[in-house]
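# Below are the sequence and a predicted model for it; my questions follow.
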Amino acid sequence: MTPREAINQIQIAMNEAIIGQETVVERMLLALLANGHVLMEGLPGVAKTRSIKTLSNLVNSDFSRVQFTPDLLPSDVTGSEIYREQNGTFEFQQGPIFGNLILADEINRAPAKVQAALLEAMEERQVTVAGKTHNLPALFLVLATQNPIEQEGTYPLPEAQMDRFLLYVNVPYPPAADEAAIMRLVRAEKTGNAAEPPPKIEQDLIFAARKEVGSIHVADAAEKYMVDLVIASREPQRYGGDLEKWIRLGASPRGTIALDAAARAHAWLHDQDFVSPENIRAVAPACLAHRLHLSYEAEAIGKTRNDVVEKLLEAVVPV
């Protein structure tokens, strides 16, 4: 099996298990191919948890779930030193962060210390406990979820920390046409009549696919388009109008890096050997939305970050 066949198999199986959320499935595969993390936001019951569990069932990997709560401690995520009375030594006991695919469920329900421990591990790909550094697995993807309702008693992620996520994915309700299909699928799973999943994909094929993604050609014009989009978010006064009124602070250089990585993954996923403006435009909302800080005026009139990214795409024209 080739890397492309392996990823196609995962995509087909995920779309069969997560009906009506094709864009969400594609975003998750982009993160997997680009070796980045995903922040997913959506109402309860829209398959946020199901998506990462389905992916873990399709790849030969260790899945860990951390249910974030206000009483969670950093060591509950990273692990801690355990004293062994038998031989009088301390032994490091790994926390759930040492899995391959990590579900950080309702990340905004845990206090800042716990969020910081997770985000540091995501960035550094390692955990330091009692002065010792422990490397995380080579295949390491965090999918953090947030619930946009019931904000009482939550700890919103600092906007600067959201930069650590490669992609932000807003999960909508599925289309009405797919609701009956979802009902039938869950019924079949509960009665044991669901179709058998395909054989699990080995991690080596994921790494091979990432190498192919890394070889996708990015022309100077495509690089300039990505840079222009990010600069436009920082200097919206160049374009005036709504952009100048809506953006308080633009994307950091991580936004440019994310655009490059995700656009190459998108091109590869669509069987292209170079990055086109269409690839960049397709991934721009997921790469830039969570990196923009909106003005009070934009929030007052109900504009979302995705609305602002769409306005950026209208204003900035590729060469």
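That came through, no problem.
# ok, and the closest non-adjacent residue to Ser51?
The shortest distance from Ser51 to any non-neighbouring residue, by CB to CB, 6 or more residues apart in numbering, is to Ile18 (5.4 Å). All C-beta spots, glycine's among them, are computed from the backbone N, C-alpha and C.
# gap between that neighbour and Ile107?
20 Å (CB to CB, to the nearest Å).
# In the stretch 1-150 of the chain, mark out all the helices, start to finish.
Along the stretch 1-150 of the chain, counting by DSSP state H, counting those that start in this stretch, helices occupy 3-17, 22-34, 48-58, 74-78, 112-124.
# Would you enumerate the residues in contact with Asp228?
Going by CB atoms under 8 Å, 6 or more residues apart in numbering, Asp228 touches Val316.
# Contact partners for the residue nearest to Ser51?
Counting by CB under 8 Å, 6+ apart, Ile18 makes contact with Val24, Val25, Ala47, Arg50, Ser51, Thr54.
# Relative to Pro285, how far out is it?
Distance from Ile18 to Pro285, counting by CB to CB: 19 Å.
# Only the buried residues of stretch 216-223, if you could.
Within stretch 216-223, the residues that count as buried by 16 or more other CB atoms under 10 Å are Ile216, Val218, Ala222, Glu223.
# Also stretch 66-82?
Using 16+ other CB under 10 Å as the test for burial, stretch 66-82 gives Val66, Phe68, Leu72, Pro74, Asp76, Val77, Thr78, Gly79.
# now the end-to-end length of that stretch.
Taking CA to CA, to the nearest Å, stretch 66-82 runs 20 Å from one end to the other.
# Give me the contacts around it.
Outside stretch 66-82, the residues touching it (CB under 8 Å, 6+ apart) are 90-98, 102-111, 113-114, 116-118, 121, 127, 129-130, 134, 153, 155.
# Can you give the distance from it to the centre of its chain?
From the chain centre to the centre of stretch 66-82 is a distance of 21 Å (CA atoms, centre = their mean, to the nearest Å).
# which of the contacts of stretch 66-82 are buried?
Here, 16+ other CB under 10 Å leaves 95-98, 102-110, 114, 117-118, 121, 127, 129, 134, 155 buried among the contacts of stretch 66-82.
# can you tell me how far the nearest residue to Leu143 once chain neighbours are set aside sits from Asn193?
Excluding the flanking residues, the one nearest Leu143 by CB to CB, 6+ apart is Ile52, at 4.4 Å. Using CB to CB, one gets 24 Å for the distance from Ile52 to Asn193.
# same check, this time on Arg65
Distance from Arg65 to Asn193, counting by CB to CB: 26 Å.
# what's the answer for Ala208, then?
35 Å.
# Likewise for Leu39?
With distances taken as CB to CB, Leu39 is found 35 Å from Asn193.
# Neighbour count: these two, which is higher?
Neighbour totals were compared for Leu39 and Asn193, and Leu39 leads with 23 against 9 (other CB atoms under 10 Å).
# Give me the nearest residue to that one, chain neighbours excluded.
Computed as CB to CB, 6+ apart, the closest residue to Leu39 that is not its neighbour in sequence is Phe165, at 4.1 Å.
# unless I'm mixing things up, the one you found is touching His290, no?
Yes. Applying CB atoms under 8 Å as the test, Phe165 and His290 come out as touching, 6.5 Å apart.
# who touches both of those two?
Leu39.
# so what's the residue most central in space within the chain up against?
Centroid check for the chain by CA atoms, centre = their mean gives Val38 as the closest residue, at 1.1 Å. Contacts were defined as CB under 8 Å, 6+ apart; by that measure Val38 touches Arg27, Met28, Ala31, Leu141, Val142, Leu143, Ala144, Phe165, Leu166, Leu167, Tyr168, Val169.
# of all those, which two lie farthest apart?
Leu141 and Tyr168 (14.8 Å; CB to CB).
# which residue ranges form the helices in the stretch 201-319 of the chain?
Ranges of helices in the stretch 201-319 of the chain, per DSSP H, counting those that start in this stretch, are 203-214, 220-234, 241-246, 253-269, 277-288, 296-300, 305-315.
# Look up the closest residue to Gln93, ignoring the ones flanking it.
Once flanking residues are discounted, Gln93 sits nearest to Ile82: 4.8 Å by CB to CB, 6+ apart.
# could you check the distance from that neighbour over to Phe90?
In terms of CB to CB, Ile82 sits 7 Å off from Phe90.
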